[in-house]
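# Sequence first, predicted model second:
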Amino acid sequence: MAEGTPTIIKFFYEKGNQFRVSHVDGAIGGLTPTREVFLAVYSQRTALPKIVEQQITPDGKLGAVVKTEGKQGIFREMEIGLVMTPEVAKQVADFLMQHARAAQQSAPAPQRTTEKIQ
């Protein structure tokens, strides 16, 4: 290393205005026309109804569902699209694989609760 070249560098991290944490169930993407890698991550769930009709019981409470309108199937909500060079894509892939292996080798993850909302 040339004399006078620093041997240590500090990186400072700061959250941008649009930073948020998102749950990711999957990803889709490919190469851009400029040969960069495009990756969109999504969360998925069943489609929410547009309209729900319910009976009203004699005592004024909501009763059985009579009719629902809306899309059927699985809804994939695109959370963010990422564009990166192939080199950065490799670094991200290595990072993800390293942490996926560490997670698999560690203690079992706690079970998620599946409480029903009343």
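Cool, got the structure.

# residues contacting the residue nearest to residue 51 when sequence neighbours are not counted?
In this structure, residue 51 finds its nearest non-sequential neighbour in residue 69, 4.3 Å apart by Cβ to Cβ, 6 or more residues apart in numbering. Backbone N, C-alpha and C define where each C-beta goes, glycine included. If you count contacts by Cβ atoms under 8 Å, 6 or more residues apart in numbering, residue 69 has them with 49-51.

# can I get those in JSON lines with secondary structure?
Shown next, in JSON lines, are the contacts of residue 69 (DSSP: H, G, I helix; E, B strand; the rest coil):
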{"residue": "49", "secondary structure": "coil"}
{"residue": "50", "secondary structure": "coil"}
{"residue": "51", "secondary structure": "strand"}
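
# out of the residues you listed, which is most surrounded?
residue 49 (14 neighbours; other Cβ atoms under 10 Å).

# Now it: phi and psi?
Backbone torsions of residue 49, given as degrees, to the nearest 10, read phi -70, psi 150.

# which ones are touching it?
Under the criterion of Cβ under 8 Å, 6+ apart, the neighbours of residue 49 are 68-70.

# quick one on the thing from earlier: for residue 111, state which of the contacts of residue 69 is nearest.
residue 49 (29.2 Å; Cβ to Cβ).

# now residue 1, nearest residue through space, not along the chain?
Per Cβ to Cβ, 6+ apart, closest to residue 1 is residue 7, 7.1 Å.

# Great, nothing more from me.
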